[in-house]
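**Student:** Okay, predicted coordinates and the sequence, questions at the end:
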Amino acid sequence: MRKSRLLIEILCNPSAAGHFTPPDWDLLLRQARSANLVAHLGVLLEQQSEGVEIPQRVHRHLAAARLTVKRQNMAVRWEISQLQQALYSLSVPILALKGTAYVLADLPNGHGRLFSDIDILVPRAALNEVEIRLRRYGWRSTHNNAYDQRYYRQWMHELPPLQHIRRQTVLDVHHSILPLTARIHPDPRRLIENAVADPASEDLFWLAPADMVLHSMTHLFHDGELENGLRDLVDIKLLLEHFATEAAFWHRLVERARVLELTRPLYYGLRYVQQVLQLPVPAQTVKSISAGGPNPLLGKMMDLLFETALQPSHATCDSIWTASARWMLYIRAHALRMPFRLLIPHLMRKALVKRQEVEIKIPEELKKIVADVER
Amino acid sequence: MPAIIPNSRQDEIRRALRGDGYRIKIGPFNVSLRSRLNKVAESMSLFYGDYPQLPADAFVDYHVRVDNPLGLRRWLHPQAIFSFDGFTPFKPLPEAQAFAMFEWGLNWCIATTAHQFLVVHSAVVAKDDRAIILPGDPGSGKSTLCAAMVSQGWRLLSDEMALIDPEAEHITPLPRPIGLKNESIEIIRTYGNNVTLGPSINDTAKGTVAHMRPPPDTLQHATRAAQPDHIVFPRYTTGAATELRPLNKPRTLTRVAEQSFNYHILGEDGFTTLTRLVSNCPAVELSYSHLDSAIAQIDALVS
């Protein structure tokens, strides 16, 4: 087994860990940590690796990550109940997205996934009222310079991220799943119409299975932040394994992609979940979406780029092309998000204005043992 | 700096730091540190030179690194940055603070991942395996008291973090250099005869920082757990008379919970561990300004 392929091999075939030496486990955990997949690895090894003896030291890390996910999931449910309270009298549907939805819908994805923001979608017509109400309940806008505010409000599919003043949680309020300026426009009303209601409450929803898969793919192939790309691809795999238990689902998925104008993300999603994570996809489905793919030359290039960029973000998985591949996909994603006349000034600005450092939150209680080293 | 570690050993450590990593066992954790910085090599030799080495094929819990960040600045005002296997949770700091950064970074790794323990911000010292837990906010005098006790023959389990085992309820040693600040540095330097201090690092956010080397016998017992015996909340007040005040259980519980890094992650297990700890351990608040009489009071608690 090649060293750079260790994590991906185990994601595809967990029982291969049966022959692992301590240095293999060491590297596996390092790759999993940089791919943000430690908890998922823990779930996977527990469920699908009969006969694999996990060394105690490794097990501790897996268990700790799963425990952290468990607490996070409780916190997410609490946060959502706070949101429901804040928005109660507006009678708007709150549609949970991404990680938040996986937790609320109790999907397998929710058991091994750490994420930082709560994501919801509300009807665009209600956006103003929702924002005012959230402000009254303690959520404040985080990107306070004029450019960022305009960037989000005029072009994007979400409000500038909000942060709660007491709990410090970050909330992304979406009104669509792609920017207003993107070339394709999946109609958010169709997503809301089709949404699944939380059996326990009146105002809480999440996307219907096919829509959820398509959104997950759209996010990965249009967002451009490929550092967590493998984690996102694992999400797609888990969703498909969970939902696609009958042939009819595959058919529905393809139909929905047509209605929502999302055949291209579906094409890429299915292609790389097969190629990178070896998920079997029915030949019939692959054939029916082949027309939605890129031309052969572009296709070859995309294969090269994505297969490089979707590796774990760990030094032992990087090739000399990794950084350039991720950069090119970042530019591509932006080109899909906005027309050329907006894109060029936007990227120039991003390059010139010192990039806002990614904020890593050091929890309050840790500050006393790390001195002034917080960002 | 006193030459405790022979030069040949220092060279070995420097080579390991510059190569695949200096791999040692620190308490229950396997750690591998890489660094090209001379200051780090010197301090690692002084403080960690005689820690148990890991076999070449050991699983490593924390692969960390302290080095200059890329960029022009390193030619003008060299900085150091801590990374946990490529992930950099903190902003860079002046290079002079590189070793302290390793200590802080390792604290961060442990506090965010070692959930097999209830981790409490406190010093722990023991006599005959009876452990005194000294929780405390910065400024309470916890590290000073801990350093003084250690130089008087108490066994150091930890200066910064108590690793409480949720099942066995005992405390696993995590012996590391004791971080001292400002006035405490001179007080401890002149206090006992068992004291070796590293270089002072000026102008950190905590003021001047220096580390005290754990006495050699600490490492011989580095795997021997101790039973919690008393919880002592130190409170240094200039000119105060030494005074022990008992603290009731509910108040103790909340105060220890406040000092825990992962109580909220352990959930019910954390609560059970903490209640058992607090019901089995009497707790006191110790006001003091004089180290000898403070230590005499604590001695009396376990005799």
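**Tutor:** Nice, I can see it.

**Student:** Can you show me the strands along chain A?
**Tutor:** For chain A, the strands defined by DSSP state E occupy A:94-96, A:117-121, A:139-141, A:162-164, A:170-174, A:196-197, A:204-206.

**Student:** so where's the stretch 1-150 of chain B shaky on pLDDT?
**Tutor:** Applying pLDDT under 70 to the stretch 1-150 of chain B flags residues B:1-4, B:72-74.

**Student:** Check which residues of stretch B:218-232 are buried.
**Tutor:** B:218-219, B:221-222, B:225-226, B:228-232 (16 or more other Cβ atoms under 10 Å in any protein chain shown). Where you see a C-beta, it was placed from the backbone N, CA and C, and this is true even at glycine.

**Student:** same question, stretch B:204-214
**Tutor:** Neighbour counts over stretch B:204-214 (16+ other Cβ under 10 Å) mark B:204, B:206, B:208-214 as buried.

**Student:** List just the nearest of those residues to chain A.
**Tutor:** Of all those, the one with the least separation from chain A (Cβ to the nearest Cβ) is B:Lys206, at 5.3 Å.

**Student:** What score does that closest one have for pLDDT?
**Tutor:** The model reports B:Lys206 with a pLDDT of 77.

**Student:** Same check on the one 3 residues further on?
**Tutor:** Predicted confidence (pLDDT) for B:Val209: 91.

**Student:** list the contacts for the residue lying closest to it once chain neighbours are set aside?
**Tutor:** Using Cβ to Cβ, 6 or more residues apart in numbering or on different chains and skipping the chain neighbours, the partner closest in space to B:Val209 is B:Ile201 (4.8 Å). Counting by Cβ atoms under 8 Å, 6 or more residues apart in numbering or on different chains, B:Ile201 makes contact with B:96-97, B:99-100, B:208-210.

**Student:** Which of those residues fall in helices?
**Tutor:** B:99-100 (DSSP state H).

**Student:** Put together CSV for the contacts of B:Ile201, with distance to B:Arg245 on each row.
**Tutor:** Shown next, in CSV, are the contacts of B:Ile201 (distance: Cβ to Cβ, whole Å):
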residue, distance to B:Arg245
B:Ala96, 41
B:Gln97, 37
B:Phe99, 38
B:Ala100, 34
B:Thr208, 32
B:Val209, 31
B:Ala210, 31
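
**Student:** now, the most widely separated pair of the contacts of B:Ile201?
**Tutor:** With Cβ to Cβ as the measure, no two of the contacts of B:Ile201 lie farther apart than B:Phe99 and B:Thr208, at 13.8 Å.

**Student:** out of the strands of chain A, nearest to A:Pro23?
**Tutor:** Comparison of those against A:Pro23 by Cβ to Cβ identifies strand A:117-121 as nearest, at 35.7 Å.

**Student:** buried ones in the closest one?
**Tutor:** For strand A:117-121, using 16+ other Cβ under 10 Å, the buried residues are A:118-121.

**Student:** burial of the residue nearest to A:Pro14 when sequence neighbours are not counted, as a residue count?
**Tutor:** Excluding its sequence neighbours, the residue lying closest to A:Pro14 (Cβ to Cβ, 6+ apart) is A:Ser49, at 4.0 Å. The number of residues packed near A:Ser49 is 17, by other Cβ atoms under 10 Å in any protein chain shown.
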